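Engineer: Below are the sequence and a predicted model; questions follow.
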Amino acid sequence: MKLLEQNQIDWQNDSLSDECPSLTPYLLENKKDTPLIIVIPGGGYSHRAYHEGEPVAKWLNENGFHAAVLRYRVAPIYNQEVINDGQSAVRAVRYYSKAWGIEADKVGVLGFSAGGHLAAMISNSFDYGDKTHENPLYHQSSRPDFHILCYPVISMGKHTHEGSRNNLIGENPDESVMAQYSAEKLVTENTPPAFVWSTANDASVSVFNSLHYVQALQQKNIAFDLHIYQDGRHGLGLADEHPHTYMWKEVCLNWLNQYVKQN
């Protein structure tokens, strides 16, 4: 499908920018009712993995979804402002939705690894907007309508990815801080539906992150799909070259078409 002109948007200055944080939209033409999915690459909060960004956005375009890649701040991170980057990205999409010709109530997030942690955090730590705020961006809700987590970091406690934890909240954090940034502890009845996948032998981010997260979703009666594949190294991204785990893409598209696109 033909794509509209793509620009990076710096929502802090309401102008086109290469600065961070920013969004690069990949918009389909004449697809108003199609959901937009914010792609959040992984990288342990130390960098942003390219193969989990633009290639994923283009794959979503090829399958009929708008996309936008989030360029969020990485280490050194001060006061966990990266969480605000994710929340602001959702607000920005809704703020620009009319100009982009899309629906403001079909905005999801898709995150890989540490980007999955960010996607889970903003799916459980959000507000519905403040109409009195002087910045019109903050009039918009920061709650995603759905979230997709790919081999995500979830916990900052047991089974965490130490690099992600150290970069986000520092070495030897207090128990209270770890709990504050452990997404499985933040799930509520208002958490949006989720699609989660991981591999059983992921040596970098334990599959227990995904298992504990969906357990929390189940306890709050939040709709979810969970897919655990037997084999696959960490950081597979689209997994095109894996003989079995590549199937996550088709299963995810089926979920999107059945439970997101039709609603």
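Structural biologist: That came through, no problem.

Engineer: distance of the residue lying closest to Pro21 once chain neighbours are set aside from His117?
Structural biologist: Nearest-residue entry for Pro21: Asp85, 4.1 Å, with adjacent residues in sequence omitted and distances by CB to CB, 6 or more residues apart in numbering. All C-beta spots, glycine's among them, are computed from the backbone N, C-alpha and C. Relative to His117, Asp85 is positioned 13 Å away (CB to CB, to the nearest Å).

Engineer: Contact partners for Phe146?
Structural biologist: By CB atoms under 8 Å, 6 or more residues apart in numbering, the contact set of Phe146 is 35, 108-109, 192-195, 259-260.

Engineer: looking at these, which has the most residues close by?
Structural biologist: The residue in the contacts of Phe146 with the most neighbours, by other CB atoms under 10 Å, is Val109 (29 neighbours).

Engineer: can you tell me which helix in the chain is longest?
Structural biologist: Criterion DSSP state H: the longest helix present in the chain is helix 81-100.

Engineer: Using neighbour counts, pick out the buried residues of it.
Structural biologist: 82-97, 100 (16 or more other CB atoms under 10 Å).

Engineer: tell me the mean pLDDT for that helix?
Structural biologist: The pLDDT scores in helix 81-100 average 94.

Engineer: could you point out which element follows it?
Structural biologist: Next in sequence after helix 81-100, counting helices and strands by DSSP states H and E, comes strand 107-112.

Engineer: Specify the angle between that next one and helix 81-100 in degrees.
Structural biologist: 140 degrees (axes from the mean of the first three to the mean of the last three CA atoms, to 10 degrees).

Engineer: counting contacts, what elements does strand 107-112 pack onto?
Structural biologist: Contacts defined by 3 or more CB pairs under 8 Å, 6 or more residues apart in numbering; DSSP states H and E place strand 107-112 against strand 36-40, helix 54-62, helix 81-100, helix 114-124, strand 146-150.

Engineer: can you map out the strands along the stretch 101-250 of the chain?
Structural biologist: 107-112, 146-150, 194-199, 224-229 (DSSP state E, counting those that start in this stretch).

Engineer: now, of the ones you listed, which is deepest in the fold?
Structural biologist: Mean neighbour counts were taken over the strands of the stretch 101-250 of the chain using mean count of other CB atoms under 10 Å, and the top value, a mean of 29, falls to strand 107-112.

Engineer: distance of the spatially closest residue to Val260 that is not a sequence neighbour from Ala49?
Structural biologist: Nearest non-adjacent residue to Val260, counting by CB to CB, 6+ apart: Phe146, 5.3 Å away. Noted for Phe146: a distance of 22 Å to Ala49, by CB to CB.

Engineer: Check Trp248 too.
Structural biologist: 17 Å.

Engineer: the more surrounded of these two?
Structural biologist: Trp248 (23 against 16).

Engineer: quick revisit: from the contacts of Phe146, which is closest to Gly64?
Structural biologist: Gly64 lies nearest to Pro35 out of the contacts of Phe146, by CB to CB, at 9.3 Å.

Engineer: ok, now which ones touch Val74?
Structural biologist: Contacts of Val74 by CB under 8 Å, 6+ apart are 43, 45-48, 82, 167.

Engineer: err, Ala179, not the other one
Structural biologist: 156-157, 185.

Engineer: Relative to Asn254, which of the residues you listed is nearest.
Structural biologist: When those are compared against Asn254 (criterion: CB to CB), the nearest one is Lys185, at 30.1 Å.
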